[in-house]
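[1] I would like the atomic coordinates for the input below:
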Amino acid sequence: MSDGIQWLAEGGRRLTGVLFARGIPPEELARRMGADPARAARPISGAEVWDLDAEVYRPGADGDGVIRVGESGGWSFAIEYGDSTGGDLLTEIARDGVEVVHFRPMAEHAPALLDYARDGAVLCGFGLAEERWRWGREPDLLLPDLVAAGVLKPDGVTRVAPDGEPRAAADRRTLGAVERRFGLTLPPAVLDGIRLRTYAVRGTPDLDAWKGLG
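    Modelled structure (predicted):
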């Protein structure tokens with residue numbers, strides 16, 4: 001059974017974002033996000049990320065950004081922590097025919113955000129539970145998928161969510177539409193015990209204790 005990505009609706013404060021890329025290996029994804037390939041840390045778990053002494057915020061400057069990369073279902077992925085670079089470099093990551101799906105939970109400032117980019121351009125994006133407000137070069141690209149999933153009515157504006165539906169349930173339905181459209185899957189254990197190659201993409205998080213490819 002596929003894990004899909006609907007569980008990310010409950011990912012909350014445990015990560016900054018998840019970026020999926022199709023057409024490049026995980027190491028190239030890390031490089032396009034600003035990592036130095038020669039300075040990779042050996043694979044570490046999600047729990048161990050919090051032992052890196054990273055500064056998420058520095059007054060007047062960017063904080064540290066860390067990613068853990070892997071591959072699932074034919075897509076490379078990067079789990080983002082701290083002040084990561086996925087949102088800033090989306091068009092660069094998506095150049096040369098690469099497809100990118102970027103999900104940001106935005107735990108402190110709802111709604112969660114989702115973007116799809118390809119060939120160096122953001123084609124469409126929207127906030128979860130705010131799908132009627134869409135942006136990008138082809139803002140209605142995923143509208144048929146959202147309608148088929150019972151997120152929006154065919155007018156592209158009216159939501160179908162029943163009264164009193166929990167926010168997480170509504171978010172799962174939208175993520176399900178994206179999951180099915182692109183064939184995305186990610187095991188929930190990537191946030192916990194699974195160890196993944198780790199890189200700094202911004203700032204100077206302390207990776208010294210984890211240096212050396214493992």
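
[2] now the residue lying farthest from the centre of the chain: how far from H102?
    For the chain, the C-alpha farthest from the mean C-alpha position belongs to D163; by Cα atoms, centre = their mean, that distance is 28.7 Å. Using Cβ to Cβ, to the nearest Å, we find D163 at a distance of 31 Å from H102. In short, each C-beta sits where N, CA and C put it, glycine included.

[3] same question, G150
    The value you get for G150 to H102, if Cβ to Cβ is used, is 24 Å.

[4] these two: who's more crowded?
    For G150 versus H102, neighbours defined as other Cβ atoms under 10 Å are more numerous around H102 (23 against 16).

[5] what packs against the helix ranked longest in the chain?
    The single longest helix within the chain, with elements called by DSSP state H, is helix 167-182. Judged by 3 or more Cβ pairs under 8 Å, 6 or more residues apart in numbering; DSSP states H and E, the packing partners of helix 167-182 are strand 99-104, strand 113-118, helix 143-148.

[6] who wins for proximity to Y199 among the ones you listed?
    Closest to Y199 of the helices and strands packed on helix 167-182, according to Cβ to Cβ: strand 99-104, at 17.0 Å.

[7] contacts for the closest one next, please.
    With contact meaning Cβ atoms under 8 Å, 6 or more residues apart in numbering, strand 99-104 is reached by 5, 8, 16-23, 75, 86-87, 90, 93-94, 112-118, 175, 178, 182, 184.

[8] do you know the pLDDT at the closest residue in space to V69 that isn't next to it in sequence?
    Closest residue in space to V69, ignoring its immediate chain neighbours: P26 at 4.0 Å, by Cβ to Cβ, 6 or more residues apart in numbering. pLDDT recorded at P26 is 96.
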